[in-house]
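Visitor: Kindly return the folded structure for what I paste below:
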Amino acid sequence: MSNLTGFVKRLRDIMRNDAGINGDAQRIEQIAWMLFLKVYDAKEQEWEFSDDNYQSIIPEECRWQNWAQDDKSGTALTGDKLLNFVNNTLFPTLKNLQVDASTPINKAIVQTTFADANNYMKDGILLRQVINVIDELDFSDYEESHAFGDIYENILKELQSAGSAGEFYTPRAVTDFMAQVIKPQIGETMADFACGTGGFIVSWLKELQKLVHTTEDEDAYSNSIYGIEKKQFPYMLCITNLLLHGLDVPRVFHSNTLLHDVLDYTEEDKVDVILMNPPYGGSEKTDVKNHFPTDLASSETADLFMSVIMYRLKKNGRAAVILPDGFLFGTDNAKINIKRKLLREFNLHTIIRLPGSVFSPYTSITTNILFFDNTHPTEETWFYRLDMPEGYKHFSKTKPMKLEHFRPVLDWWKNRQEITEDGFDKAKKFSVQQLTEELGYNLDQCGFPHEEEEILEPMELIRRYEEQRASLNAEIDQVLEEITSLLGGAIE
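Guide: Numbering: from 1, shown residues only. Coordinates of the predicted model:
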C-alpha cells in the first residue's frame, strides 16, 4: 500500500503546473470525477463477476479500463489526443447517457454525477500523469480500499478550507457522535435531506455495521440510507464516498428537498431516523416558501428544513439535527410556529450547545444539536453546554474537534444532572411550560459565558487571522450567490 503514501500530495504537485487549475476547490473537483470513474470501474468489475448478464451503462470506449489504464505498451492516450477524448467524447457521452425512472440507481448515478462536472486541466501530458497516479489504486484489495477511505476523508476535510465548499462538510467527530447517540438498529431507514458529501450517512453505516451478522442484516444495512443533495459537486463526492464504503446502490438523489410540498408527504415518505446539518444562513425566495404552510413559511433555509424533518419523521422515529443559535432565540412568526410545532408534536428531550469554532474555518456561527423523537409532546428539555476541551482556545484546521471531546456529554447523558459553573448554567432541565409560557419559546439556554480577550502567540495570531479570512470569504461567496440567484443571473 506504499502507493497510498502522499497520494494527495502527488496529485497536487502535478496539477500545480496546469494552467487550467485555479485553486483548491477546482483541484479537488478535478480529482473527484476521475476518482468516481476509477471507483465505479472497480464496482463494475465486481458486478460483471457476479452477473454474467451485467451490461454497463457506459459505452465501452468511455469505460475507465479502456481509456485511462496505461498498459505501458505505448498506446495509452496522452497529450492533445487525451485532452480531445476527455473534452469531446468522454464528457459529452457521460453527460448525455439515456436515463429514466426505470434505470437502476447504480447505473443512473453515472449520468447524474457528470451532469455538471468539468474537466479543468488544459495540459494533456499532466492529465495523463494524474490519471496514472489514480489508476495505481487497487480497489479490489480490501485493505487498500479500506485505507483509501481514510485518504478520501482527508480530501473531503480539505474542502473545509477551500472556500464555500466547506458548507458541505460536517466534522467527522460531530457526525460520529450524533450517530452513536442515535443508536442505529437493523431494519431502520435513516435519511439526510441535504447530505453534502455523505458524512452523516457514513457515520450511520459505521455504527450500524457493528450489528450486521447475517445476510439479511447485510441487505438491511445496504438499504438503510436515503439522501438528497442539491448541488452537483458534493453529490459527486457523496456517491464516490458511498461506493468506497461498499454500497452498491447508493440511494442518494441529486435534487432540492425544499421544492416539494410538505403537505404531500405520505407514510411511505417517512423514515425512522433523521441525521442532518441543514444549510443555514440562506434566504429562500417565494417559490420555495410556497411549498410550506403559510405559518411555517420562513425565508431562512434551516427553518424550512426543520419543517421537512417534522413532516418526514415516522411515529416513534428519532432525529438529531444541527441548527444555528438563531433558531434557538429567533422570535419571528415562522420560527415561533416551527418551535411550537416541535414542542407540541415531538419530544424535544435534549439540546447540546456546541463550542463556537467547531466549523472553523468555514464559519464561526455557533451551533447546537437538537435531539428529539416522535413519541409524545415535549414535557421537559435538557440543555447541556459543551465547553472547549482543556488546552484548546479554538478549534482549527490543525487542531480540529475529535470524538473524544464529546466524552463529557456522553458521561452526562447517561446520568443527567443540573450543573452550574462559575455562576453560569452548564446543564439544566426546563419544563415545556417554562420554555413556552415564561421564556416565549426562547431555547437559548445554558449558553456560553462571554469569553475574556485572548492574548495569542504571533504565529497562532496569523493562523487565526487566515482562518477568519477564509470564513469571511466563504460568507461573502454565499451572500453573492444569493444576490445573483435573486437577480436571476450567474456570476461568470
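Visitor: Okay, now the unreliable bits of the stretch 101-250 of the chain?
Guide: Residues of the stretch 101-250 of the chain meeting the criterion pLDDT under 70: 159-168.
Visitor: what about the strands in it?
Guide: 190-192, 225-229 (DSSP state E, counting those that start in this stretch).
Visitor: Would you mind putting the ones you listed into TSV with distance to Asp24 alongside?
Guide: To be clear about C-beta, it is placed using only N, CA and C from the backbone, and glycine gets the same treatment. Supplementary listing: these in TSV, determined by distance: least, Cβ to Cβ, whole Å:
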stretch	distance to Asp24
strand 190-192	25
strand 225-229	20
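Visitor: would TSV of these with mean neighbour count and distance to Glu380 be doable?
Guide: Output for those, formatted as TSV (neighbours: other Cβ atoms under 10 Å; distance: least, Cβ to Cβ, whole Å):
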stretch	mean neighbour count	distance to Glu380
strand 190-192	28	26
strand 225-229	23	31
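Visitor: And those: which comes nearest Ile109?
Guide: Smallest distance to Ile109 across the strands of the stretch 101-250 of the chain (Cβ to Cβ): 11.8 Å, for strand 225-229.
Visitor: contacts for that closest one?
Guide: The contact list for strand 225-229 (Cβ atoms under 8 Å, 6 or more residues apart in numbering) reads 168, 189-196, 198, 201, 204-205, 235, 238, 242, 247, 250-257, 271.
Visitor: Just the buried residues of the residues you listed.
Guide: The neighbour count (16 or more other Cβ atoms under 10 Å) marks 168, 189-196, 198, 201, 204-205, 235, 238, 242, 247, 250-254, 257, 271 as buried among the contacts of strand 225-229.
Visitor: so Asn473 sits in a strand?
Guide: No - read with DSSP: H, G, I helix; E, B strand; the rest coil, Asn473 is helix and lies in no strand.
Visitor: what ranges do the helices span in the stretch 201-350 of the chain?
Guide: Secondary structure of the stretch 201-350 of the chain (DSSP state H, counting those that start in this stretch): helices located at 215-222, 232-244, 286-289, 301-312, 325-329, 333-345.
Visitor: CA atoms only for the fourth one, dumped as PDB, please.
Guide: Meaning helix 301-312. Presented in PDB, the C-alpha positions along helix 301-312 are these (Å, rounded to 0.1, in the frame of the first residue of the first chain):
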ATOM      1  CA  THR A 301     -33.200  27.800   4.800                       C
ATOM      2  CA  ALA A 302     -32.600  25.900   8.100                       C
ATOM      3  CA  ASP A 303     -36.100  26.700   9.400                       C
ATOM      4  CA  LEU A 304     -37.700  25.200   6.200                       C
ATOM      5  CA  PHE A 305     -35.600  22.000   6.600                       C
ATOM      6  CA  MET A 306     -36.800  21.700  10.200                       C
ATOM      7  CA  SER A 307     -40.400  21.600   8.900                       C
ATOM      8  CA  VAL A 308     -39.400  19.000   6.300                       C
ATOM      9  CA  ILE A 309     -37.800  16.900   9.100                       C
ATOM     10  CA  MET A 310     -41.000  17.100  11.200                       C
ATOM     11  CA  TYR A 311     -43.200  16.100   8.300                       C
ATOM     12  CA  ARG A 312     -40.900  13.100   7.300                       C
END
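Visitor: That one versus helix 333-345: what angle between them?
Guide: Inter-element angle recorded for helix 301-312 and helix 333-345: 30 degrees (by axes from the mean of the first three to the mean of the last three Cα atoms, to 10 degrees).
Visitor: Against Lys43, how distant is the residue most central in space within the chain?
Guide: In the chain, the residue lying closest to the centroid (Cα atoms, centre = their mean) is Gly196, at 3.2 Å. To Lys43, Gly196 is 22 Å away according to Cβ to Cβ, to the nearest Å.
Visitor: got the contact list for the nearest residue to Ser222 once chain neighbours are set aside?
Guide: Leaving out its chain neighbours, the residue that sits closest to Ser222 by Cβ to Cβ, 6 or more residues apart in numbering is Leu247, at 6.1 Å. Leu247 makes contact with Leu205, Ser222, Ile225, according to Cβ under 8 Å, 6+ apart.
Visitor: Domains in this protein, by residue range?
Guide: 2-141, 160-453 (automatic domain parsing).
Visitor: Burial-wise, tell me which of those comes out on top.
Guide: domain 160-453 (a mean of 18; mean count of other Cβ atoms under 10 Å).
Visitor: Return the distance of it from the chain's centre.
Guide: 11 Å (Cα atoms, centre = their mean, to the nearest Å).
Visitor: shouldn't Tyr311 be in contact with Glu267?
Guide: No - the criterion here is Cβ atoms under 8 Å, and Tyr311 misses it with Glu267 at 11.4 Å.
Visitor: list the residues that contact both of these two?
Guide: With Cβ under 8 Å, 6+ apart, Tyr311 and Glu267 have no common neighbours.
Visitor: quick one: low-confidence ranges for the stretch 351-492 of the chain?
Guide: If you take pLDDT under 70 as the line, the stretch 351-492 of the chain has these spans: 361-362, 450-457, 460-461, 463-468, 470-472, 474-475, 488-492.
Visitor: And the strands in it?
Guide: Going by DSSP E, counting those that start in this stretch, the stretch 351-492 of the chain shows strands at 367-373, 380-385, 419-421, 424-431.
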